[in-house]
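**Student:** Below are the sequence and a predicted model; questions follow.
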Amino acid sequence: MALAAARRLLLHAGSRLGRREAVDGARRFANKRVLVETEGPAVMKLRNPPVNSLSLECLTEFTISLEKLENDKSIRGVILTSECPGIFSAGLDLLEMYGRNPAHYAEYWKNVQELWLRLYTSNMILVSAINGASPAGGCLLALCCDYRVMADNPKYTIGLNESLLGIVAPFWFKDMYVNTIGHREAERALQLGTLFSPAEALKVGVVDEVVPEDQVHSKARSVMTKWLAIPDHSRQLTKNMMRKATADNLIKQREADIQNFTSFISKDSIQKSLHMYLEKLKQKKG
Ligand SMILES: CCC/C=C/C(=O)SCCNC(=O)CCNC(=O)[C@H](O)C(C)(C)COP(=O)([O-])OP(=O)([O-])OC[C@H]1O[C@@H](n2cnc3c(N)ncnc32)[C@H](O)[C@@H]1OP(=O)([O-])[O-]
């Protein structure tokens with residue numbers, strides 16, 4: 001379904017579904033895969049079990065929720081986190097990129113671009129409370145934030161691991177990685193597909209702070225309070241100054257990027273790599 005049509009549908013549904021309601025004293029609205037609490041600092045919780053993979057539906061709901069928050073002038077900042085225990089997000093949904101047709105790949109990629117552009121250029125303060133594993137697209141979500149707090153659990157890893165899957169992170173994932181950790185670290189981490197432990201992620205600058213697991217949300221809230229003390233107009237103009245060129249780089253070649261992705265992911269060799277990776281995930285489970 002085209003994004004515009006899906007958005008119309010969801011926004012319409014949102015006027016019923018997403019109407020602010022009092023639930024246990026908290027104001028919140030929810031789609032199926034994203035819960036948003038707007039009491040105190042707004043919190044967006046991904047809840048697409050088992051692993052918060054970013055399916056087309058999840059991406060669309062995420063984008064719509066973000067749009068609704070952006071349109072609410074009383075909301076200046078959002079904490080992004082997960083409701084799935086031990087998983088922040090497993091990244092893009094592999095089943096959206098495997099065994100489908102080119103039209104589906106193109107539609108999916110358009111929605112990935114849309115979410116990234118919205119998150120990366122959001123006027124709101126975004127703080128991620130990374131309470132679980134955060135590979136590839138999961139890391140991408142966190143990198144879009146203005147500040148990243150990660151739970152100190154060595155089982156949780158974060159990074160752009162695409163090369164391990166036999167696929168290649170697109171140039172805008174790479175640009176954001178370079179902006180965050182510098183060229184040399186990004187060059188090495190992208191080629192190796194490094195998944196950093198929290199301590200390593202802190203050392204290279206993938207995250208800004210690592211705290212005991214039970215403090216990840218309270219720390220994110222205190223970070224938000226500090227950022228909220230800065231006047232919006234100056235912070236927003238500064239953010240825009242820092243990020244605009246990177247976002248524009250994608251905006252000026254969105255169609256070409258969709259075509260590149262579609263032809264890349266449709267290749268037999270790439271589909272084979274994804275098949276092997278999915279099998280590996282299954283075997284790990286069994
Ligand atoms: C060019 C494009 C750029 C690409 C960017 C990306 O983000 S690429 C994405 C790169 N992402 C990665 O490389 C992350 C791959 N995932 C992992 O490493 C682990 O799942 C985990 C560490 C996130 C959670 O470990 P855990 O032991 O808690 O959980 P588990 O492992 O037992 O999985 C449970 C079920 O979820 C399934 N499933 C998992 N991920 C995905 C997915 N992305 N999608 C769809 N499904 C996924 C898994 O197959 C299994 O299904 P089953 O058998 O029940 O039908």
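**Tutor:** Alright, I've got the coordinates. Numbering: from 1, shown residues only.

**Student:** quick one: average pLDDT of the helix or strand hosting residue 271?
**Tutor:** Using DSSP states H and E, residue 271 sits in helix 268-285. Mean pLDDT, helix 268-285: 94.

**Student:** How far off centre is it?
**Tutor:** 23 Å (C-alpha atoms, centre = their mean, to the nearest Å).

**Student:** just for the stretch 151-286 of the chain, where's the confidence low?
**Tutor:** 285-286 (pLDDT under 70).

**Student:** quick one: the strands in it?
**Tutor:** 158-159, 209-211 (DSSP state E, counting those that start in this stretch).

**Student:** and the closest residue to residue 160 other than its chain neighbours, how many neighbours?
**Tutor:** Using C-beta to C-beta, 6 or more residues apart in numbering and skipping residues adjacent in sequence, the residue nearest residue 160 is residue 169, 5.0 Å away. Any C-beta I mention is one placed from the backbone N, CA and C, and that applies to glycine too. When neighbours are counted by other C-beta atoms under 10 Å, residue 169 registers 21.

**Student:** give the contact list for residue 169.
**Tutor:** 136, 160, 162, 163, 177, 190 (C-beta atoms under 8 Å, 6 or more residues apart in numbering).

**Student:** Surely the fourth one and residue 192 touch.
**Tutor:** Yes. Because the distance of 7.0 Å satisfies C-beta atoms under 8 Å, residue 163 is recorded as touching residue 192.

**Student:** Neighbour count for those two, which is higher?
**Tutor:** residue 163 (15 against 12).

**Student:** Residue 239 versus the more buried one, what's the distance?
**Tutor:** According to C-beta to C-beta, to the nearest Å, residue 163 stands 30 Å off from residue 239.

**Student:** Helix, strand, or coil at the residue lying closest to residue 42 once chain neighbours are set aside?
**Tutor:** Excluding its sequence neighbours, the residue lying closest to residue 42 (C-beta to C-beta, 6+ apart) is residue 78, at 4.5 Å. Following DSSP: H, G, I helix; E, B strand; the rest coil, the label given to residue 78 is strand.

**Student:** surely residue 78 meets residue 119?
**Tutor:** No. Applying C-beta under 8 Å, one finds residue 78 not in contact with residue 119, separated by 9.8 Å.

**Student:** tell me, what's touching these two both at once?
**Tutor:** If you check residue 78 and residue 119 against C-beta under 8 Å, 6+ apart, the residues they both contact are 66, 126.

**Student:** Please identify which of the two sits among more neighbours.
**Tutor:** Set residue 78 next to residue 119 and count neighbours by other C-beta under 10 Å: residue 78 wins out with 26 against 21.

**Student:** tell me the phi and psi of the residue nearest to residue 160?
**Tutor:** Backbone torsions of residue 169, given as degrees, to the nearest 10, read phi -60, psi 130.
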